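Colleague: predicted coordinates and the sequence they were generated for:
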Amino acid sequence: MVGGNQLENANPLIYQRSGDRQVTAQDEDEDIPDKIDDREIFDLIRSINDPEHPLSLEELNVVEQVRVKVNDDESTVAVEFTPTIPHCSMATLIGLSIKVKLLRSLPERFKVDVHITPGTHASEHAVNKQLADKERVAAALENSHLLEVVNQCLSARS
Amino acid sequence: MAAEENGVWGLVEVFVSGLQDGKAAELATGTQVKAGNCTVLQVVEALGSYLANSEPRTRGRGVQLLSQVLLQCYPRLTQKEVEVLVLFYENRLKDHHLITPHVLQGLKALSMCETLPQGLAVSILKAIFQEVHVQSLMQVDRHIVYTIITNFMRTREEELKSLAADFTFGFIQVMDGEKDPRNLLVAFQIVRDIIVKSYSLGPFVEELFEVTSCYFPIDFTPPPNDPHGITREDLIVSLRAVLASTPSFAEFLLPLLIEKMDSDVQSAKVDSLQTLNASCAIYGQKELKEFLSSLWSSIRREVFQTASERIETEGLSALHTLCQSLSRSVVGSDGEDLLDSFLNCVLQDCKHHLCEPDMKLVWPSAKLLQAAAGASYRSCYKITTSILPLLLEQYNQHTQSSQRRTIVEMLLGFLKLQGKWIHEEEDENALTGFKDCLCTVMYSALTDPNVQLQLVGIKALTALGSLQGLLSTSDMELVVDHLYRLIVEKDAQNHLAAMEASGSLARMYPSAFASRLVPKLSEKLQTDQMEPSQSSLRQRCLRALSAVSTHPCIVRETVPLLLRYLQHVQKGSILCAEGMISVCQSLHLLAMQCQQDTESLWYYHQTVIPCLLALAVQAALQETQTQAESPVLLDESVLTAMVPVISAACSHLSPELVTPSVSQVVGLFLHGDVSFLPENSFPRRFQPFQGGESEEKQRQLVALLMAFVCPLQRNVEIPELDYLLLELLTLSTSSRCPFAYTSASKCFAGLVNKCPAGEQLDEVLCSVMERIESGLVDGFDRTRVLTLLLWVTKALVLRYHPLNTQLTDKLISLLTDWELGPAAADGFFLLVSDTPDVLNKACHADVRIMFRQRFFTENVPKLVQSFHAADEDKKPNYLKALSHVLNSLPKQVLMPELPSLLSLLLEALSCPDRVVQLSTLTCLEPLLLDASQILSLHMDTLVMKLLSLTCSPAMAVRIAALQCVHALTRLPLHVLLPYKMQVIRALAKPLDDKKRLVRKEAVTARGEWFLLGSPGS
């Protein structure tokens, strides 16, 4: 086990942040409806803070736009995330943060599915099961310590 | 006399026996001695028996009275009296502890005496050190002791120094255990003075350090409503001044800092790093030597591991100072250069991270190295020579663009540092050996398809080029070729950066750019003009031509080129307004760049203005069959684009230079004198003012006249001003073309704003008023007159002219006008906003500071009053006018007025007009951030109205409303919590808005509302 204030992965790979989405003329036209697309979902989750690094999930490549799938008409969202190391103990927490962020930011009609990219984590199955279970998610958020960490991940970076 | 003496006795008795403070007696005694009615001696005599009384309480009262008298009148004491009193007080220190505070008061009075004989200061201090246990006194009394010491240190420095280390030791005992922040501030100041004024510390250095360093790091939170106003920051700064005041503390301080840097408390880390920074500045090799390796590992750990930018910055800055100190010291006789070995350490720990450009530690390492390299020439040389080859090699080893980009970015950082030292030691430049390799890497970056890599490459190349004397002419030619390619390349994404780089490099290498870049761009501009697909390329070339004109000799090449191109376009090969507009924009940019350079600007003025005017007059006089066929150059958009070009050529020239061309231009417009224009054979006379209605085309050119005369400096005299103003006035009310009459009104207003006050101005204004009054009655002229009224009002409001009130009232009354009401309401926007072409600071207009505030205080009450009196259907006009005025004001001004206006603003939120809604929302948002107190009283209404606006049909209103809902979260938590669920529920709907931009705001707002009152936020 690593020491108290040592990080599990002290020198992780860093990826570039994608810039803000360009606002197009179509976005500013009152009459054209914009569908919710992959990039929009990705924008919601890419700035979530990592629980242990002062970095965003995007910079650590935990979330990628290609692993976000949304279907506006069928109201479904599926997000895959990739922990930085296969034994990352924070995986559940990261998944929970993503899930909470999406629940708070998407219209109620959406069915949100968050799971680990297949083959990238030792206890992938267990984590996925926890994240898919509505009641366990709700119970986790009743725990004020967990809620605190999740809220910290979701707070705007100061 | 006897009576008075009795009086003193009486007063003394009343005071001493009355155990509650006989205020009257006290003051009376003090003031009487002061007024000379009795002497201190008399008071002492009167006190006699009380001072010797066996009851300590009574003795105390006696001493208290005496001390208070002394405090009032110490400047009048004679040397003899002082001597006796000192002796008495010193003895009293041995007395009962009840008396001590009063004795100290008396000593404080005596310590301020200028007549205090030599030697007594020392004896007083000795007595205090010996007899008083300071830390068992009350805070106030301890403060008195510090004051006595401070007083003596100020006036009797020599004497105290004769005490040698005893004084220091005495003081250490006095302050040992002090807890009150008020006293600590004084005590720290004393310690600092002891050190700075070089009192002897003797063997007590460590004790002195201990007695102060025990407070480090300061952990103090002032109580709420603290009347003393001492902040944590005050204490930190004054303690740091003590700790970092002498190198003798180094051996104790450095281990302490190293220990505290490891603390878990952020503020302790920051404080330690800052103190380290401050103390390193005065330390030399000797003090630092022993601790270098531990200091380095602490700093490295902090920079590598921290999440906080603050700590990183402080760590880097501490390392910077550390290296500076090491570089400053002379190398010892044993030849051991500490800087060298320290830098070796730094290099060893950081270098290998630079080889992993993807990993997290690459940037902290680079920053550490750069902080060290920035410290001195020597460190820069050492680090650069060791890092550059590594980075160059790494560039070649890594082939991915993102990795290469990181490497070039690091190179850029190191290159920038070179500029700092290159002037100092020209003989030896760390970069000389690497020049070719560096160039190769830059060229490779510039040819990479990755846009980001290109961009960094451009920046690094600029940094490299800015280093004096590094690049040769042939290198520069290659650089120019690369930049040219980046500018004109198909789908070039970095053309703006390349242009900027060309501009800054052209300053240093004008010939390379004039001979290589300018001709190529010009050639590109001439070819394939007919294809519309090339228009973006043409624009880029035009823009590049202006961007590169940063040196007079390039300006002389590019200006004629641009003008020739403009003529070419005008001759009709391409009939498009955009072409001309982009030439004008390019000319304007060019003018802005040479604004500071008189030579270029004068050349520009002489060349550009006659040419543009000639082209315009030519176009206006051309015979055309129909109105529709008017030349492109007379298009409103083209003329508008020409205005800034001409303005920029006039506004910065000195009066002597510009006067001749003023009379030429005014002559052209008033008398049709075309002699100064090139190619001046026109078919007809140019008469913009006389031509009558058939000559609307000529009239439009008034815009160019405005562009010329309005930006002139105020001391430039304009010939035939009266005549000109009259003609402009006529034109502004008679022309049928909106562009012509608006330009005439603007030109008129611009001139009136600068007219010196006096009869001439009064006459002009009188005729304007008449014209406006009569024009508003007449049915045809009304819109034109309103335009004139608006511009003249603006001109006068800006300069605080007394007539502005009358004009503004006129405007307010027009708000109820069935025809002009809405236009007048919009006009208020014009009055309070900045206009780009006239009546602004750049045009040297007479703009008084705070004219908006003044306008606000004078007119808002009137608007509010008329609003309440107005009919229901006219109310939106008032709200619109009001919201324009409110929006223009800095929020600090608005804050005090808010309570009276808030109900109006809330009403405006329900106003159906979208413009009013939007401007009210933009006005509310900053207020929500600052005036939370007032707004929280209206939460119910506010929340309700804002939430209902989030479903408005207008997208901009929805966005602004959501931003306000977001801003609400800054209000105090207890005000918000009752609404939390309501808001979160209501915001679910905009989450499903059809527009993405609205959804984005809704997400941000809702996210923040979720966090309210939740743990971890």
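Modeller: Received the coordinates, thanks. Numbers count the residues shown, from 1 in each chain, chains lettered A, B, ... in the order given.
Colleague: list the contacts of B:Phe414.
Modeller: Applying C-beta atoms under 8 Å, 6 or more residues apart in numbering or on different chains, we find B:Phe414 in contact with B:Leu369, B:Gln370, B:Ala373, B:Ile383, B:Thr384, B:Ile387, B:Leu388, B:Leu391. (C-beta placed from N, C-alpha, C; glycine too.)
Colleague: repeat for B:Leu470
Modeller: Counting by C-beta under 8 Å, 6+ apart, B:Leu470 has contacts B:Asn429, B:Leu431, B:Thr432, B:Lys435, B:Leu464.
Colleague: any chance of JSON lines for those residues, columns secondary structure?
Modeller: Below are the contacts of B:Leu470 laid out as JSON lines (DSSP: H, G, I helix; E, B strand; the rest coil):
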{"residue": "B:Asn429", "secondary structure": "coil"}
{"residue": "B:Leu431", "secondary structure": "coil"}
{"residue": "B:Thr432", "secondary structure": "helix"}
{"residue": "B:Lys435", "secondary structure": "helix"}
{"residue": "B:Leu464", "secondary structure": "helix"}
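Colleague: and those residues, which is closest to chain A?
Modeller: Of all the contacts of B:Leu470, B:Leu464 has the smallest distance to chain A: 24.2 Å, by C-beta to the nearest C-beta.
Colleague: the closest residue to chain A within the stretch 801-950 of chain B: neighbour count?
Modeller: For the stretch 801-950 of chain B and chain A, the shortest gap (C-beta to the nearest C-beta) falls at B:Arg914, measuring 11.2 Å. Using other C-beta atoms under 10 Å in any protein chain shown, B:Arg914 has 13 neighbouring residues.
Colleague: quick one: it from A:Arg21, how far?
Modeller: Note on B:Arg914: its distance to A:Arg21, by C-beta to C-beta, to the nearest Å, is 26 Å.
Colleague: SS state for the residue of chain B found nearest chain A?
Modeller: For chain B and chain A, the shortest gap (C-beta to the nearest C-beta) falls at B:Gly1016, measuring 3.2 Å. Following three-state DSSP, B:Gly1016 is assigned to coil.
Colleague: residues contacting residue 118?
Modeller: Going with chain A. A:Glu80, A:Glu124.
Colleague: that was the other one, I meant chain B.
Modeller: B:Gln118 touches B:Glu159, counting by C-beta under 8 Å, 6+ apart.
Colleague: quick check, pLDDT for it.
Modeller: We note a pLDDT of 86 for B:Gln118 in this prediction.
Colleague: quick one: the residue of chain B closest to chain A and A:Leu141 touch, right?
Modeller: No - applying C-beta atoms under 8 Å, one finds B:Gly1016 not in contact with A:Leu141, separated by 11.6 Å.
Colleague: hey, what's in contact with both of the two?
Modeller: Joint contacts of B:Gly1016 and A:Leu141 (C-beta under 8 Å, 6+ apart) are A:Leu147, A:Val150.
Colleague: how close does B:Pro912 sit to B:Lys995?
Modeller: As judged by C-beta to C-beta, B:Pro912 and B:Lys995 stand 21 Å apart.
Colleague: check A:Asn143 too.
Modeller: From A:Asn143 across to B:Lys995, the span is 37 Å (C-beta to C-beta).
Colleague: neighbour-wise, which of the two wins?
Modeller: B:Lys995 (20 against 12).
Colleague: and the most centrally placed residue in chain B, its phi and psi?
Modeller: With distances taken as C-alpha atoms, centre = their mean, the residue of chain B nearest its centroid is B:Pro890 (15.2 Å). When read as degrees, to the nearest 10, the backbone of B:Pro890 gives phi -60, psi 140.
Colleague: hey, C-alpha coordinates of the host helix or strand of B:Pro364 in PDB?
Modeller: Assigned by DSSP states H and E, B:Pro364 belongs to helix B:362-373. C-alpha atoms of helix B:362-373 as PDB (Å, rounded to 0.1, in the frame of the first residue of the first chain):
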ATOM      1  CA  VAL B 362       7.200  17.600 -17.600                       C
ATOM      2  CA  TRP B 363       5.800  21.100 -17.100                       C
ATOM      3  CA  PRO B 364       6.700  21.400 -13.400                       C
ATOM      4  CA  SER B 365      10.200  20.400 -14.300                       C
ATOM      5  CA  ALA B 366      10.500  22.800 -17.100                       C
ATOM      6  CA  LYS B 367       9.100  25.600 -14.900                       C
ATOM      7  CA  LEU B 368      11.600  24.800 -12.200                       C
ATOM      8  CA  LEU B 369      14.500  24.900 -14.700                       C
ATOM      9  CA  GLN B 370      13.200  28.100 -16.200                       C
ATOM     10  CA  ALA B 371      12.900  29.700 -12.800                       C
ATOM     11  CA  ALA B 372      16.500  28.800 -12.000                       C
ATOM     12  CA  ALA B 373      17.700  29.900 -15.400                       C
END
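Colleague: now do the buried residues in the following helix or strand past it.
Modeller: Counting by DSSP H and E, the element after helix B:362-373 in chain order, helix or strand, is helix B:377-397. For helix B:377-397, a neighbour-count test (16 or more other C-beta atoms under 10 Å in any protein chain shown) marks B:377-384, B:386-388, B:390-392, B:394-395 as buried.
Colleague: got the CA coordinates for helix B:377-397 in CSV?
Modeller: Extracted C-alpha coordinates of helix B:377-397, given in CSV (Å, rounded to 0.1, in the frame of the first residue of the first chain):
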residue,chain,number,x,y,z
TYR,B,377,23.4,35.1,-16.6
ARG,B,378,25.6,32.3,-15.2
SER,B,379,22.6,30.1,-14.3
CYS,B,380,20.9,30.8,-17.6
TYR,B,381,24.1,29.9,-19.5
LYS,B,382,24.6,26.7,-17.6
ILE,B,383,21.0,25.5,-17.8
THR,B,384,20.5,26.5,-21.4
THR,B,385,23.7,24.8,-22.6
SER,B,386,22.6,21.6,-20.8
ILE,B,387,18.9,21.6,-21.7
LEU,B,388,18.9,22.8,-25.3
PRO,B,389,20.8,19.8,-26.8
LEU,B,390,18.5,17.5,-24.9
LEU,B,391,15.3,19.2,-26.1
LEU,B,392,16.6,19.4,-29.6
GLU,B,393,17.4,15.7,-29.5
GLN,B,394,14.0,14.9,-27.9
TYR,B,395,12.3,16.7,-30.7
ASN,B,396,13.8,14.4,-33.2
GLN,B,397,13.1,11.3,-31.2
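Colleague: which elements pack onto that helix?
Modeller: helix B:309-328, helix B:338-354, helix B:362-373, helix B:401-421, helix B:435-447 (3 or more C-beta pairs under 8 Å, 6 or more residues apart in numbering or on different chains; DSSP states H and E).
Colleague: mind checking which helix or strand of chain B has the lowest mean pLDDT?
Modeller: helix B:23-35 (a mean of 60; mean pLDDT, DSSP states H and E).
Colleague: wait, what's in contact with the residue positioned nearest the centre of chain A?
Modeller: In chain A, the residue lying closest to the centroid (C-alpha atoms, centre = their mean) is A:Ile98, at 3.1 Å. Contact analysis of A:Ile98 by C-beta under 8 Å, 6+ apart lists A:Ile45, A:Ile48, A:Leu57, A:Val63, A:Val79, A:Phe81, A:Val114.
Colleague: what distance do you get for it to chain B?
Modeller: Using C-beta to the nearest C-beta, to the nearest Å, A:Ile98 is found at 13 Å from chain B.
Colleague: what about the helix or strand that residue falls within, distance to the chain center?
Modeller: For A:Ile98, the host element (DSSP H and E) is helix A:91-105. Relative to the mean C-alpha coordinate of its chain, helix A:91-105 is positioned 5 Å out (C-alpha atoms, centre = their mean, to the nearest Å).
Colleague: roughly how far does the residue of chain A positioned farthest from its centre sit from chain B?
Modeller: Distance from the C-alpha centroid of chain A, by C-alpha atoms, centre = their mean, peaks at A:Asp31 (31.4 Å). In this view, A:Asp31 and chain B are 9 Å apart by C-beta to the nearest C-beta.
Colleague: ignoring the adjacent residues along the chain, who's closest to B:Val488?
Modeller: Distance criterion C-beta to C-beta, 6 or more residues apart in numbering or on different chains; nearest residue to B:Val488, sequence neighbours excluded, is B:Lys524 at 5.7 Å.
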